[in-house]
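>>> sequence unknown, structure follows:
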């Protein structure tokens, strides 16, 4: 199976200004030296707290943000520095579905216009031909023909997200970046949208980069999971490996906090002290100030590299192989 997307040493820094002259005094490291690969037809989950850099990575891949450093390969081609004119073709192959469906839809356009706009931009499709394609897409995502002339505010949140999904499918993409696509929806509607996304993946052979902070959703949707902390990947492995045998202290703490539906199952929750903060000194492990494990001297002074500790299981932690694996 081929790699559709490969990200190598991606970084995105934002300048921090201060002083009377508003000069750049430091950098805000939203994403710092991140690498991962996504196999065609699979789903990779990017997981982390708010502020961990998940959405920034997605926007860099779509070139909505310009990377500070690193390389982005799509289908083997380097797209890191494509010019705007060259990006137009790429936009047809990589689409994004946003967290807040209402905010991502133009309230002055009808559903037919919203879904049809990509067809006009990328394929110059207009008139009855465009209408027929739009109606086909609406049917695929569970919308009715009577919705064609309605406006976004006339729909529920789940229906609005279906409009956004249809718009993304209009240009027949191969890769879709899903930026917390169900976090703004009710639980029952979340399940419907997730099942729809899985059905569409099977039907159109789509590849997903799934950004989320909801571990339950990630376990249901993803083949592989990468855990982010302060702009760095701390662990990446197959989904079941992450949930059954997490190795990084941060991953262990997140997994331990998942509610256990079986009352007979006992699992001690690991408490992460303090708050996520980008103001830590730029040396050592970024998780060291909040780590619950018995730290080593290197944890506060040397950044741990992301290394393969088992086949297709990478961890950035100085404690391996001494750290306990199983959560009981």
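Perfect, I can see it now. The shown structure was predicted, so the numbers you read here are calculated from the model rather than taken from an experiment.
>>> residue contacts, the residue lying closest to residue 294 once chain neighbours are set aside?
Spatial nearest neighbour of residue 294, chain neighbours left out: residue 319 (7.7 Å); criterion: CB to CB, 6 or more residues apart in numbering. All C-beta atoms are positioned from the backbone trio N, CA, C, and that covers glycine. Neighbour list for residue 319: 249, 293, 294, 295, 296, 299 [criterion: CB atoms under 8 Å, 6 or more residues apart in numbering].
>>> and if you look at residue 10?
The neighbours of residue 10, taking CB under 8 Å, 6+ apart as the test, are 31, 33, 34, 35, 57, 60, 67, 69, 70, 71, 72.
>>> For those, give me a markdown table that also has secondary structure, pLDDT and neighbour count.
Below are those laid out as a markdown table (DSSP: H, G, I helix; E, B strand; the rest coil; pLDDT from 0 to 100; neighbours: other CB atoms under 10 Å):
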| residue | secondary structure | pLDDT | neighbour count |
| --- | --- | --- | --- |
| 31 | strand | 95 | 29 |
| 33 | strand | 94 | 17 |
| 34 | strand | 96 | 23 |
| 35 | strand | 96 | 16 |
| 57 | helix | 97 | 28 |
| 60 | helix | 96 | 24 |
| 67 | coil | 96 | 22 |
| 69 | strand | 96 | 14 |
| 70 | strand | 97 | 18 |
| 71 | strand | 97 | 15 |
| 72 | strand | 97 | 21 |
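>>> Doesn't residue 181 lie inside a helix?
No. Assignment of residue 181 by DSSP: H, G, I helix; E, B strand; the rest coil gives coil, placing it outside any helix.
>>> Neighbours of the residue nearest to it when sequence neighbours are not counted, how many?
Leaving aside its sequence neighbours, residue 181 sits nearest to residue 97 (CB to CB, 6+ apart; 4.9 Å). Residue 97 is flanked by 24 other residues according to other CB atoms under 10 Å.
>>> So which residues of this protein form helices?
Using DSSP state H, the helices of the chain run over residues 54-61, 84-93, 101-104, 111-123, 127-140, 157-169, 187-204, 215-221, 239-244, 249-256.
>>> So for the chain, which residue is the most central one in space?
residue 211 (2.2 Å; CA atoms, centre = their mean).
>>> rewinding a little: pretty sure the residue nearest to residue 181 contacts residue 164?
Yes. Counting by CB atoms under 8 Å, residue 97 touches residue 164, with 5.5 Å between them.
>>> where in the stretch 201-328 of the chain is pLDDT low?
261-267, 277-282, 321-328 (pLDDT under 70).
>>> Next, the buried residues of stretch 160-177.
Residues of stretch 160-177 classed as buried: 160-171, 173-177 (neighbour count, 16 or more other CB atoms under 10 Å).
>>> Compute the first-to-last residue distance for that stretch.
Separation of the first and last residues of stretch 160-177 by CA to CA, to the nearest Å is 17 Å.
>>> if I pick the closest residue to residue 9 other than its chain neighbours, what's in contact with it?
Closest residue in space to residue 9, ignoring its immediate chain neighbours: residue 70 at 4.4 Å, by CB to CB, 6+ apart. Residue 70 makes contacts with 7, 8, 9, 10, 11, 33, 34, 80, as judged by CB under 8 Å, 6+ apart.
>>> Please repeat the previous calculation with a cut-off of 7 Å.
8, 9, 10, 11 (CB atoms under 7 Å, 6 or more residues apart in numbering).
>>> Give me the distance between it and residue 178.
From residue 70 across to residue 178, the span is 22 Å (CB to CB, to the nearest Å).
>>> for residue 25, same thing?
36 Å.
>>> rewinding a little: make sure the residue nearest to residue 181 is actually in contact with residue 165.
Yes. Residue 97 lies in contact with residue 165 (CB atoms under 7 Å); the separation is 6.0 Å.
>>> Pull the number of nearby residues for residue 157.
Neighbour number of residue 157 under other CB under 10 Å is 17.
>>> nope, residue 191 is what I meant
Taking other CB under 10 Å as the criterion, the count of residues near residue 191 is 14.
>>> do the same with the one 3 residues further on
Other residues near residue 194 number 18, with proximity taken as other CB under 10 Å.
>>> Please name the residues that touch it.
With contact set as CB under 7 Å, 6+ apart, residue 194 has these partners: 182, 217, 220, 221.
>>> Could you turn the buried ones of those into a ChimeraX selection?
Paste this into ChimeraX to select the buried members of the contacts of residue 194, with burial taken from 16+ other CB under 10 Å:
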select :182,217,221
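>>> Appreciated, that's everything.
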